[in-house]
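Enquirer: No letters, just coordinates:
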C-alpha cells in the first residue's frame, strides 16, 4: 500500500484537493481526472487533505465494492465524495452485506444511488458507525431495495447512525437531507410482520439534522427511528408514508442524557398511511414510546398526519408536550398522485392543508430548524412555510444535480 501511495502522489502538489474515481480507472493511477482511481476504498486510503478540503469525484457507472471510509476531514477541510452526475454513480456492494460503512468524521456523501437489488443486499445501505462518525452529511442520495428481498429482523436499516458499543459523549451532529428512500426491506406489506424490531428506513442520533427527505414503501420497520442514541434532533419537512410498522418513533436515549429524548423538534412533516401491514401491530404515525420518548422542551407541531394505524399519535408516555397544530388531510387532497410507491407524484396539490401551514418553531436556541430550500433545491418561504419535503409549486422530480462541491453541500450548511 505504501508503494502504491508513493506512486499515486508522485508529482501531485500537497494542496491539490480534487481526485477522481471511475469504473475505467485503476488504483495504481494517480487519481487525476485523466487517470482516475478504480475504487472509492482506494480513494479513502490514498487521498491527502488540502487546506480547502478534499473532493473525490465519482464518475457514472456501477461500483461493485463494499466501501469503508476511515479517513476524517476537519470542520474547515471536509472530505466529500460526490457523484458528479446525480444518481449516476450506482453503489451495489460486493455481496449481500452493508454497502457503505463510515467510521470517519467531517465527510460528505452526495448524489449517489444505493441499489440493494443487484447483490441481493441484506446488510444495510449506508451506516455511520458512532460515536466515531460525527459531523457527516448524507445528501441527495437515492436508496432503494436495501435488505432485499425483505423480512430482515433486528438488523440493517437502510440509512443512518449505528451504535456499536460505546455511547457518544457529545452530539454527533450528522445531517441527512434531500434523500429519497423507497422499497426497502421488501417494500410495504412484504417485510417483517411481527411486532419485534425490524429493518427500518432511517435511524438518527444525538444532535442530527434530518430535513427534506422522502421515505416510503418500507417493509417491516418504521420510516424513521429517533431512538436509542437520540436527543436534540431536528426533524422537519420530511414526507413519510406507507411504512409497515409506523411513521416515526420517539424513544429514550437510554445510554445517556438521563434517558430523556429532549430538545427534539418534529415539525412540518407529512406522516401518512403507516403501520397498516397485517399482523405488524402498527405503532401509528408518531409513536412516543415510554417515559423517555418525550422531554419537556420538545417541539412537536404542525405535522400533517392521517391514515396511520392505530392512530396518528400513539402516546405511551404521558408526554408533557402533546403534539399541537396538527393538520388533517387525505391522499386525494394532499398529493398530486398518491400510489404509496415510487410510481406516484408526491408534490403538493392545490388546496392541500399542507400549504402555508408550517412553523418555524424550534426546540434549539442555537440553530434554525426549517430548511431554506426543499427536496428539489427550490427556495422556501419561511413566512408562509409549507409542510412536506416539497414546497407547493415545486415541479422538479428530484434534487438538483451537483454543479460543484460547494453548491452540492451548501443547502445543509449550519
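Expert: Here it is on my side, so go on. None of these values were measured; they are calculated from a predicted model. Numbering: from 1, shown residues only.
Enquirer: and the residue positioned nearest the centre of the chain, what pLDDT?
Expert: Nearest residue to the geometric centre of the chain (CA atoms, centre = their mean): residue 176, 4.0 Å. Model confidence at residue 176, given as pLDDT, is 98.
Enquirer: Partner strands of whichever strand or helix holds it, with direction?
Expert: Counting by DSSP states H and E, the element that carries residue 176 is strand 175-177. Using DSSP bridges, the neighbouring strands of strand 175-177 in the sheet come out as strand 137-139 (parallel), strand 209-211 (parallel).
Enquirer: Now do the last one: everything it contacts.
Expert: Identification of contacts with strand 209-211 by CB atoms under 8 Å, 6 or more residues apart in numbering yields 173-178, 202, 204, 224, 233-238, 367, 371, 412, 414. No exception for glycine: its C-beta is placed from N, CA and C like everyone else's.
Enquirer: thinking again about what came up before, tell me the helix or strand right after the strand holding residue 176.
Expert: By DSSP H and E, the next helix or strand past strand 175-177 is strand 180-184.
Enquirer: Pull up the pairing partners for that next one, direction included.
Expert: Note on strand 180-184: by DSSP bridges, its sheet partners are strand 142-144 (parallel), strand 214-218 (parallel).
Enquirer: what does the strand holding residue 176 rub up against?
Expert: Strand 175-177 is contacted by residues 136-140, 159-160, 202, 204, 208-213, 371, 411-412, 414 when judged by CB under 8 Å, 6+ apart.
Enquirer: 10 Å instead?
Expert: When contacts are defined by CB atoms under 10 Å, 6 or more residues apart in numbering, strand 175-177 is touched by residues 108, 126, 128, 135-141, 159-161, 202-204, 207-213, 224, 234-235, 237-238, 371, 373, 375, 389, 399, 409, 411-414.
Enquirer: List only buried entries from the residues you listed.
Expert: Among the contacts of strand 175-177, those scoring as buried are 108, 126, 128, 135-141, 159-161, 202-204, 207-213, 224, 234-235, 237-238, 371, 373, 375, 389, 399, 409, 411-412 (criterion: 16 or more other CB atoms under 10 Å).
Enquirer: is it true that residue 259 touches residue 229?
Expert: No - under the criterion of CB atoms under 10 Å, residue 259 is not in contact with residue 229, lying 11.6 Å apart.
Enquirer: Run through the strands of the stretch 251-400 of the chain in chain order.
Expert: With DSSP state E, counting those that start in this stretch, the ranges of strands along the stretch 251-400 of the chain come out as 265-267, 270-272, 286-288, 299-301, 304-306, 313-315, 335-337, 345-348.
Enquirer: mind checking which of the ones you listed is nearest residue 250?
Expert: Nearest of the strands of the stretch 251-400 of the chain to residue 250, taken as CB to CB: strand 286-288 at 5.0 Å.
Enquirer: I'd like the mean pLDDT over the closest one, please.
Expert: The model assigns strand 286-288 a mean pLDDT of 92.
Enquirer: mind listing what that strand pairs with, with the direction of each?
Expert: Take DSSP bridges as the rule and strand 286-288 pairs in its sheet with strand 246-250 (parallel), strand 313-315 (parallel).
Enquirer: can you list contacts of the last one?
Expert: Looking back up the chat, that one is strand 313-315. Contacts to strand 313-315, defined as CB under 10 Å, 6+ apart, come from residues 246-247, 249-250, 271, 275, 282-289, 293-294, 300, 303, 305, 308, 319, 322-323, 326.
Enquirer: Please work out the average pLDDT along it.
Expert: 87.
Enquirer: again with stretch 152-168
Expert: Stretch 152-168 comes out at a mean pLDDT of 82.
Enquirer: In that stretch, which residues are buried?
Expert: 152, 153, 156, 157, 158, 159, 160, 161, 162, 163, 168.
Enquirer: would TSV of those residues with distance to residue 59 and secondary structure be doable?
Expert: Below are the buried residues of stretch 152-168 laid out as TSV (distance: CB to CB, whole Å; DSSP: H, G, I helix; E, B strand; the rest coil):
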residue	distance to residue 59	secondary structure
152	31	coil
153	37	strand
156	28	coil
157	29	coil
158	25	coil
159	23	strand
160	27	strand
161	29	strand
162	29	strand
163	34	strand
168	35	coil
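Enquirer: And those, which is closest to residue 394?
Expert: For these, the minimum distance to residue 394 (CB to CB) is 22.8 Å, reached by residue 159.
Enquirer: coming back round to it: out of the strands paired with strand 175-177, which is closest to residue 395?
Expert: Once the strands paired with strand 175-177 are compared by CB to CB, strand 209-211 is nearest, at 20.1 Å.
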